[in-house]
Each structure stands twice: as C-alpha cells, then as structure tokens.
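# Sharing a sequence plus its predicted fold:
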Amino acid sequence: MRLIIYNGKGGVGKTSVSAATALRLAKKGHRTIVMSVDAAHSLGDSLGVELGPEIINVAPNLDAFELDIIHELRTKWTAIKDYLSAFMVSQGIDGISAEEMAVFPGMEMVAALLYVLTFRNNDSYDVVVMDTAPTGETLRLMSFPDVSNWYLDRAFSIFNRLMGIARYTIGKIVDFPLPTKEVMKTIGELKDQMSEVKSILDDPQTTTVRLVLNPERMAIMETRRSYAYMSLYNKNVECLIINKVIPEDADGEFLREKLAEQRGYMQAIHESFDPLKIFTAYMLKTEMRGRDKLEYLADMVFGDSDPIEVYSTESPMHFRTLDDGTDQLVIKMPFVEQDQIELYKGQDNTIILQVGSQRRTVSLPMTLANAELLGAEFGDDCLCVNFRRP
Ligand SMILES: Nc1ncnc2c1ncn2[C@@H]1O[C@H](COP(=O)(O)OP(=O)(O)OP(=O)(O)O)[C@@H](O)[C@H]1O
Ligand SMILES: [Mg+2]
C-alpha cells in the first residue's frame, strides 16, 4: 500500500491536488481512498460530493471521507474516555466530554494514522491519499508515533503503579478508580499500533510527502521550512507541486508585472530544491471545483504518468562508518543554518536534535550504545553527528 501525504501552506491547493491525484489514481485502476484530516474540511466541496466521517464510494475505485475526531471519540476509544472521565470526577474535576478530549493535540492525527494502519492490514486499498491541514499540524503528525509512544509509556507505567498500590491496599478504599483491564488493554494495543504506524511512515517506499506551493515568497519560505522538518523526521519528500502558475501568455498590464515577479520565484524554487522532482499546474481563470476541473488539474500535474509512482526514495537519514573508524549519523537538512541546530545526548541511547521549535529524538543503533558523542559538523546540507565506539 502507498500512502501519499499532501502538505503545504494555507490555500496553495493541497485539497485540489489531493482530489485530482485520487481521481487519476482511481482512473489508472488503483483501489484508492482520499481522506481529509483538516478540521476545516473542503474535500467534499472540491470533489462536488457530500462527504462525512463515514467512508463512501465516490467514483469507480475511489472512496473518500472527512475525518471527524469527535465522531471517532464517540464511536471508538470509549474505554479510555470513560476511564479518564471517572478518574477526573474522583479528583473533584468535572468529567471529560468527547468535545473536550478532541482538543488534545494530535488526537486527530492518531485517529487518521489508525485508519491508515487498518487499511494496510486489511489490504483495503492500493493507495491512500491524505489531504492535510496547513503545515504546522502535519509536522506534528509526522512526529506523532514517537510522541504518542512517549505518552503511552508514561500512562502505562502510571497505571501499572496504580494497580500495584491497589494490590497493597486491598480491603482499604482508594480514592480513585482503577484502570480496568479494558483500559490497560486499549493502551497496550494503541502502543503496538503506533509502532506499526511508525514503520509505515518511516518506509520511503510506502510513505511519501508531496509539498504543494505557489510561486510566491511566503509559500517558498514555508516549503523550505517544511522540507527541513520532514528531513528531521526522516520523511521522504519526493516531489514539489507548484500550483497556480500564471501562464506565460497571460496578457494585461497587471498580469505582466505578476509574471515578471513569478519568473524570479520560479527560479528561486529551482535553486532551492533541485534535483527534487518538480511538477507545475497553471492557475485557472475560475475556481478549481468539480471533477472536470480536477481531471484537468491532474493532466497538468501528472500528464500521462501514474501518480502512484515514488519519484524519489532517498532516505534523509543514514549511518556510516568513516575510514578512521568514526561512526557518523548523516541527516539531510536543507535550509537549516548550523546555528539553528542544537544537539544533546538523551536517555536510553538517543540523541536529541532541536531545530527551531521542532525537537526530535533519534534512537541510535545498539552498536553505538556506549559510543562517545564527539560532536557534529554541518556541510552539503547535511548534519553529520560523529561518534567513537570504545
Ligand atoms: N490551479 C488553480 N487555479 C485556480 N484556482 C485554484 C487552483 N488550485 C486551487 N485553486 C483554488 O484555490 C483555493 C484553495 O485551494 P485548495 O482548497 O485546494 O487549497 P488548500 O491548500 O487545500 O487550502 P487550505 O489550506 O485552506 O486547506 C480554492 O478556491 C481552489 O478552487
Ligand atoms: Mg485544504
């Protein structure tokens, strides 16, 4: 199964490109689903169909839905929700509703990724196309299996301790409800599922990120940042899609000035991202809505090619041993300045990389468990972290 995630700044055309890609994939005969993970859904509007939280068929080979986290919390995960609610009531706090729980960061992403896992395990589709919210959220999505495992580990050990205390106080009254077997089971399962999700996200043959942008200054800057963060999270950015390009033969004084500006930005995009595969699509005179226009968008972007293709699989992170015996972790980090990167040694054989507000814990291979962290150097858009084994 392929997972194609579209991301980019607000309004650049993520939803349109996701819908167009999905239509083209379905037409090529791939069993396809397109899902919207943006709370401000517009996928249905783009496709010209009524979409909701249930999966429906919208064209031959094509299913679609708009993920609704409150619906997910109401229909699934009830054990955890009920337990948290009972625990909070026992502590004198009002219970928690699905609506309140939905605001926990990352909830939507966990739900989305669990869908992806189910699709993969049931072999339901050949391709999953994911339309996401503007950049910030998706960055969280990409790091989510790591983050959620951290939370789940803590929850597991706290609950275990509660169970331990409860055993010692048998016959006495504890002033909080104990997690039921079902709660413990749900958390255990969630942990296993998240590590499976992580393996899906980390496999560059399966999961790829496609960044959508417009030939505009802010969009280019944001795309550079996203690219750097995706590299930080070891995610395969395989191509860019420049949408809303003004055709060179556009006439009128206003458009001529816009065109001159655009040429500069197109050049800047190539200078920044070559040799990354770049697709382009022209700006239409009217809105990009409905199947005919989406088909036309797919023609502009993909031509006759099949969008299931993985345009590049180069993993942004790898380990190597240099001739002098130094072990090196090499992480591709374009568009990052050396002084933006902070590096620490973490617990449990990890190193922690901080780039701006984003932090990533990288687990080291066992062979480097006792290695000394010698420091890091930066060059050729790569961060090289050096280790020496005892
Ligand atoms: N090539 C194009 N030509 C003309 N209009 C376009 C083109 N691509 C997208 N649009 C229009 O631009 C608007 C934004 O597009 P879309 O909703 O696909 O972007 P988005 O990146 O998903 O936005 P958001 O960040 O709000 O989710 C829509 O009105 C859409 O019809
Ligand atoms: Mg959108």
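Received it, and whenever you're ready, just let me know what you need. Ligands and ions are numbered 1, 2, ... in the order given.
# Report the distance from the helix or strand hosting Lys81 to the chain centre.
Taking DSSP states H and E as the criterion, Lys81 maps to helix 78-90. Distance, stretch centre to chain centre, for helix 78-90: 29 Å (C-alpha atoms, centre = their mean, to the nearest Å).
# Next: stretch 234-250.
With C-alpha atoms, centre = their mean, you get 19 Å for stretch 234-250.
# Pull up the distance across that stretch, start to finish.
End-to-end distance for stretch 234-250, by C-alpha to C-alpha, to the nearest Å: 40 Å.
# pLDDT of it, averaged?
Average pLDDT, stretch 234-250: 91.
# In it, which residues are buried?
234-246 (16 or more other C-beta atoms under 10 Å). Bear in mind the C-beta positions are built from the backbone N, C-alpha and C, glycine included.
# Can you add distance to Lys185 and secondary structure and give these back as a markdown table?
Below are the buried residues of stretch 234-250 laid out as a markdown table (distance: C-beta to C-beta, whole Å; DSSP: H, G, I helix; E, B strand; the rest coil):
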| residue | distance to Lys185 | secondary structure |
| --- | --- | --- |
| Asn234 | 31 | coil |
| Lys235 | 31 | coil |
| Asn236 | 34 | coil |
| Val237 | 37 | strand |
| Glu238 | 38 | strand |
| Cys239 | 41 | strand |
| Leu240 | 43 | strand |
| Ile241 | 43 | strand |
| Ile242 | 48 | strand |
| Asn243 | 45 | strand |
| Lys244 | 49 | strand |
| Val245 | 52 | strand |
| Ile246 | 56 | coil |
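# And the furthest pair within those?
Greatest spacing in the buried residues of stretch 234-250, by C-beta to C-beta: Asn234 and Ile246 (35.7 Å).
# elements contacting the helix or strand where Tyr227 lies?
Counting by DSSP H and E, the element that carries Tyr227 is helix 217-232. Applying 3 or more C-beta pairs under 8 Å, 6 or more residues apart in numbering; DSSP states H and E, one finds that helix 217-232 makes contact with strand 2-8, helix 135-168, strand 207-213, strand 237-245, helix 253-273, strand 327-332, strand 350-355, strand 358-363.
# what does it rub up against?
7-9, 12, 135, 138-139, 142, 209, 211, 213, 236-237, 240, 265, 268-269, 272-273, 316-317, 331-336, 353, 355-356, 358, 360 (C-beta atoms under 8 Å, 6 or more residues apart in numbering).
# Out of those residues, which end up buried?
Using 16+ other C-beta under 10 Å as the burial test, those include 7-9, 12, 135, 138-139, 142, 209, 211, 213, 236-237, 240, 265, 269, 272-273, 316-317, 331-336, 353, 355, 358, 360 as buried.
# Restricting to the residues you listed, which residues neighbour ligand 1?
For ligand 1, the contacts drawn from those by C-beta under 6 Å from any ligand atom are 8, 12.
# May I have the residues that are in contact with the closest residue in space to Ile278 that isn't next to it in sequence?
Nearest residue to Ile278 in three dimensions, chain neighbours excluded: Leu240, at 4.9 Å (C-beta to C-beta, 6 or more residues apart in numbering). Taking C-beta under 8 Å, 6+ apart as the contact definition, Leu240 lies against 210-213, 223, 269, 273, 276-279.
# can you do 10 Å?
8, 210-213, 220, 223, 227, 269-270, 272-273, 276-280, 311 (C-beta atoms under 10 Å, 6 or more residues apart in numbering).
# What's the separation between it and Glu271?
13 Å (C-beta to C-beta, to the nearest Å).
# can you check Gly379 too?
For Gly379, the distance to Glu271 - C-beta to C-beta - is 18 Å.
# now do Arg320
28 Å.
# Over to Lys285?
Counting by C-beta to C-beta - Lys285 and Glu271 are separated by 30 Å.
# got it, and Leu51?
39 Å.
# How about Glu372?
Taking C-beta to C-beta, one finds Glu372 at 39 Å from Glu271.
# ditto for Glu248
From Glu248 to Glu271 the distance is 20 Å (C-beta to C-beta).
# Please state the offset of stretch 256-270 from the chain centre?
Counting by C-alpha atoms, centre = their mean, stretch 256-270 is centred 29 Å from the centre of its parent chain.
# tell me which residues in it are buried?
So, applying 16+ other C-beta under 10 Å, buried residues of stretch 256-270: 259, 262, 265-266, 269.
# Need the worst-confidence member of these.
Confidence-wise, Ile269 trails the rest of those, at 90.
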